[in-house]
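In: My questions concern the predicted model and sequence given below.
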Amino acid sequence: MRALFGGRRRSIFSHGKELGHYRNEMFQITARIDAMLVAVAGEIEALRRRDLDPDEAVTRLGVQEEQLDEEVAKLQAMMAPEELHGLHMEYETNLERALRGIVTAERGCAITKLPHRPPDDEEPYIYYKRGHSNVSHSRLRMAEIVEVLLNWEPGGPTDASVAARLERTRQG
């Protein structure tokens, strides 16, 4: 009998095993990432409300940024089923947007240290608001993508658009 699939034999259930492994790993990683992004959004919101000192925020955000970078490396090392590559990459792109939001908030903190800065200067708060928006909006989009990634069945649609979500809601 001739070997199929690149010279190696595969059982009938291997796609299911690979998909199950992918789903489990994706669920674990995305759950950790989401929890970190909730914490990051909280830190930035505290900056916006003036409840958190910028120096302390930079320290906290730096630690969270490093933790997210570690998760990014794990995410990039994963092998998504071919049909899900686009969505997997879109998830990574939104995660990069969230990381840019952290950097934006850190930039706002740095502005507070500038000499000759007026005490009532609102510029850092503009950076905090922009950073918070990036983190929050990317987190929401990532949740939509994860829902599709974790529930996808072979041969099914890989659409994570708003229209597709509304259609799934109407059908379900």
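Out: Alright, I've got the coordinates.
In: Not counting sequence-adjacent ones, nearest residue to Arg130?
Out: Thr104 (5.3 Å; C-beta to C-beta, 6 or more residues apart in numbering). Where you see a C-beta, it was placed from the backbone N, CA and C, and this is true even at glycine.
In: List the contacts of stretch 151-164.
Out: Around stretch 151-164, the neighbours that count as contacts under C-beta atoms under 8 Å, 6 or more residues apart in numbering are 15, 19, 81, 83-84, 86-87, 90, 144-145, 147-148.
In: ok so, going back, how deep is the residue nearest to Arg130 tucked in, by neighbour count?
Out: 20 (other C-beta atoms under 10 Å).
In: I'd say it and Lys129 touch.
Out: No: Thr104 is beyond contact range of Lys129, at 9.3 Å (criterion: C-beta atoms under 8 Å).
In: Pull out the buried residues from the helix or strand harbouring Leu47.
Out: Taking DSSP states H and E as the criterion, Leu47 maps to helix 14-48. Within helix 14-48, the residues scored as buried using 16 or more other C-beta atoms under 10 Å are 19, 22, 25-26, 29-30, 33, 36-37, 40-41, 43-48.
In: what angle separates the following helix or strand past that helix from helix 14-48?
Out: Per DSSP H and E, the first helix or strand lying C-terminal to helix 14-48 is helix 54-77. Taking axes from the mean of the first three to the mean of the last three C-alpha atoms, to 10 degrees, one finds helix 54-77 and helix 14-48 inclined to each other by 170 degrees.
In: what's the next secondary structure element after helix 54-77?
Out: Using DSSP H and E, the first helix or strand after helix 54-77 is helix 85-111.
In: The residue nearest the centre of the chain: what's its closest spatial neighbour, skipping adjacent residues?
Out: With distances taken as C-alpha atoms, centre = their mean, the residue of the chain nearest its centroid is Leu95 (3.4 Å). Distance criterion C-beta to C-beta, 6+ apart; nearest residue to Leu95, sequence neighbours excluded, is Val72 at 6.2 Å.
In: Next, count neighbours for the one you found.
Out: Val72 has 16 nearby residues by other C-beta under 10 Å.
In: With the one 10 residues further on instead?
Out: The number of residues packed around Glu82, counting by other C-beta under 10 Å, is 7.
In: what's the answer for Pro157, then?
Out: Around Pro157 there are 13 residues (other C-beta under 10 Å).
In: mind checking how far it is from Val63?
Out: Distance, Pro157 to Val63, by C-beta to C-beta, to the nearest Å: 39 Å.
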